[in-house]
Each structure stands twice: as structure tokens, then as C-alpha cells.
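Okay, predicted coordinates and the sequence, questions at the end:
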Amino acid sequence: RAKSDGGNTGRFYDTGLQDEIRLKRRLGRDLETAIENDQCYVVFQPIATSAMRIVGYEALLRWRHPELGEIAPSQFIPIAESTGWIGTIGRWMADRALAAAATWRSDLTLSLNLSPLQFRDADLVDTLLGLAERRGIAPDRLAFEVTESATLLGHHRDTVLAMLRRLQDAGARIVMDDFGTGHSSLSNLKDFRFDALKIDRSFVAAMLVDQPSASIIRATIGLGRSLGAVIVAEGVEQQRQLDVLREWGCDQVQGYLIGRPARDVAAGARRSRRDALVDQLRT
Ligand code: C2E
Ligand code: MG
Ligand code: MG
Ligand code: MG
């Protein structure tokens, strides 16, 4: 369109785009030193049963840029993917989260998000299991959240599924994240046994006012039941949403109502001194 509009239009069309490209380049460069400069940190958001008992935490990455402030993961993760830096960040992230989880009650799970791009690293599974072992976290306390995207569908698909299966065989749970959106679709359920489906928060946000969203959630809960997968609803912000989800048979919930992502987990989630001592004596 910019072209056919003639010579002048380049200005208003290009400046925005060029600024954006320039910003992305800058963020891509800055990201490569963000870890060593102590700008990244991990926050944890509780996951609870629909009866509000916390069963684990999802680790979410944060980046505080010295000049630009907090950058959202939805902005910097795609950049890290395009520069190839996601592998380094992902490893760092997993290790920080595992170190934290080692201080939690041993019945609590840790959920980690994996970018499809991370599966290009043939050592990913060994790396993750190795990090967990060094931190003393049994694989059955781990859940890995993935979305379907280019790589899962593309020619790497079989490789990715084999890697997920290895994690699952080791005892970890595999969760399909953002279920119901373009990133996660039904065809994947045919070829892989997901342990859990996480209903995207866009459906939860609309469920009380939008009939189609309500239907999609109810159908997903039924689908999960017949597949033997746990159903998690994300983005639960209102008590009424929780009540209705529980009534519909949703297993687990996550969202601001239950807890916001925070650097520290609830006091009750930390392991007792006694447990820590018993553990020390064992090793
Ligand atoms: P996600 O895995 O679906 O994570 C859930 C997102 O929803 C998080 O956003 C969380 O803060 C937000 N959220 C949780 N409860 C509520 C709620 O009640 N209301 C609303 N409005 N939002 C809620 P966040 O932390 O900005 O992360 C966005 C996405 O970035 C994540 O979506 C995930 O796909 C990605 N991401 C975050 N950390 C990592 C990471 O360490 N590695 C990878 N590969 N991706 C990550
Ligand atoms: Mg997630
Ligand atoms: Mg999600
Ligand atoms: Mg989501």
C-alpha cells in the first residue's frame, strides 16, 4: 500500500515501522547481556485446584530494562526466539526456577514454559533433566507448557513429539498451553497424550457474558475428561468465574483471583525446616 500511494507516504508509513525495527534490534542486543547484568528475574504464579488448594506454581520470566523499564515477555520472548538467544535464557530461567522450587514443599509442582524454538536444541531434554537433578527436583514435580506453533507443525514435529515423550517418560507432565487459540489445536491431541490442557484466558475472560466462550470451555472440560487430561483454566479473575468453572467440572485454576505472579511464593508453600533437615540427612 505504501508504494502505490506514491512518494510521500513513505514518511508516515516508514517511521513507525523503522522505529519498531530499531527497537527490536536494540532489545535483541540488550537481551544478550540482560542476564549477566542482573536484569532478568523469575516470578511464580500459583496454580490451584478449583477448591482453591495450591498444587504448584508456574514460573514466568521478567526483564527489567535499565532505561525502558519492564518489558513484557510477549514482546521479548519472540525477539529472543529470532536472535537464537532463547536457548540461553531458557536454560538460565529453568535453573533459577528449579533452585526456587527446591525450597518449596515437595508436593508442589513447578511449571515451565518451553518455546518451540528451544526444541531445535537436541540436548534440551538432557539439559532440563540434568538441571532438575542437580537441584534435587524429581521429574514428577515438573510440568512443561508448550503451545502448538510452527515448529510443532512443521518438519520438526516428530522430533519435538519424541522429546516431549522423553520428558513424559521421565515423569514430567506435558501441558498444552493457551488451548483453543490458534497456537494450540485439536490435531495435536491425536498424536500426543497431553497430561493437561490449559484453557486460554480469552475464553475465561468472556465466559460469563459470551455464550460461545462458555460452550468452548464446557466442551474442553468434556474433552479433557474423555482424554484423561487435567483441565486448567487460566486468567481467572472473578469469584463468579471460579464458582462456575468448578460447577462445570474444571480441575484446576490459575489467575489473579488465586494469586498474581510474584517473586515469592506463599509462606505456606515453603518447606519446613524439619523437612529441609530430613532431606539434608538423606544426602
Ligand atoms: P502463558 O504461559 O499463557 O502465561 C500466562 C500469562 O497470563 C502470564 O503473562 C500471566 O502473568 C498472565 N496472567 C495470569 N493470570 C492472569 C489473570 O488473571 N489475568 C490476566 N489478564 N493475565 C493473567 P506473562 O507473564 O506476561 O507471560 C506471557 C507469555 O509469555 C506466557 O503466556 C508465556 O507464553 C510467555 N512466557 C513467560 N515466561 C516465559 C518463559 O520463561 N519461557 C517461555 N518460553 N515463555 C515464557
Ligand atoms: Mg504458560
Ligand atoms: Mg497459558
Ligand atoms: Mg496464555
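Thanks, I have it. Ligands and ions are numbered 1, 2, ... in the order given.

ok, then the element right after the lowest-mean-pLDDT helix or strand in the chain?
Within the chain, no helix or strand scores below helix 150-153, which has a mean of 56 by mean pLDDT, DSSP states H and E. Following helix 150-153 in sequence order, the next helix or strand is helix 157-169 (DSSP states H and E).

quick one: average pLDDT of that next one?
Per-residue pLDDT over helix 157-169 has a mean of 93.

partner strands of the next helix-or-strand element following that helix, parallel or antiparallel?
Per DSSP H and E, the first helix or strand lying C-terminal to helix 157-169 is strand 173-179. Using DSSP bridges, strand 173-179 pairs in its sheet with strand 142-146 (parallel), strand 196-199 (parallel).

so which of those gets nearest ligand 1?
With Cβ to the nearest ligand atom as the measure, strand 142-146 is the member of those nearest ligand 1 (5.7 Å). The way it works is simple: take the backbone N, C-alpha and C, and place the C-beta from them, glycine included.

how about that closest one: buried residues?
Buried residues in strand 142-146, counted by 16 or more other Cβ atoms under 10 Å: Leu142, Ala143, Phe144, Glu145, Val146.

what's the answer for stretch 82-93, then?
Thr83, Trp85, Ile86, Gly87, Ile89, Gly90, Arg91, Trp92, Met93.

just for this structure, where's the confidence low?
1-14, 150-155, 183-184, 283 (pLDDT under 70).

and ligand 1, which of the buried residues of strand 142-146 contact it?
Near ligand 1, judged by Cβ under 6 Å from any ligand atom, the entries from the buried residues of strand 142-146 are Glu145.

and which of the buried residues of strand 142-146 is nearest to ligand 2?
In terms of Cβ to the ion, no member of these lies closer to ligand 2 than Glu145, at 4.0 Å.

Let me know the secondary structure of Leu257.
coil (DSSP: H, G, I helix; E, B strand; the rest coil).

Could you pull up the residues touching it?
Val236, Glu237, Gln238, Gln239, Gln241, Leu242 (Cβ atoms under 8 Å, 6 or more residues apart in numbering).

Phe192: what's it in contact with?
Per Cβ under 8 Å, 6+ apart, neighbours of Phe192: Leu161, Leu164, Arg165, Ile174.

Any figure for the gap between the third one and Ala99?
Read that as Arg165. Taking Cβ to Cβ, to the nearest Å as the measure, Arg165 falls 27 Å from Ala99.
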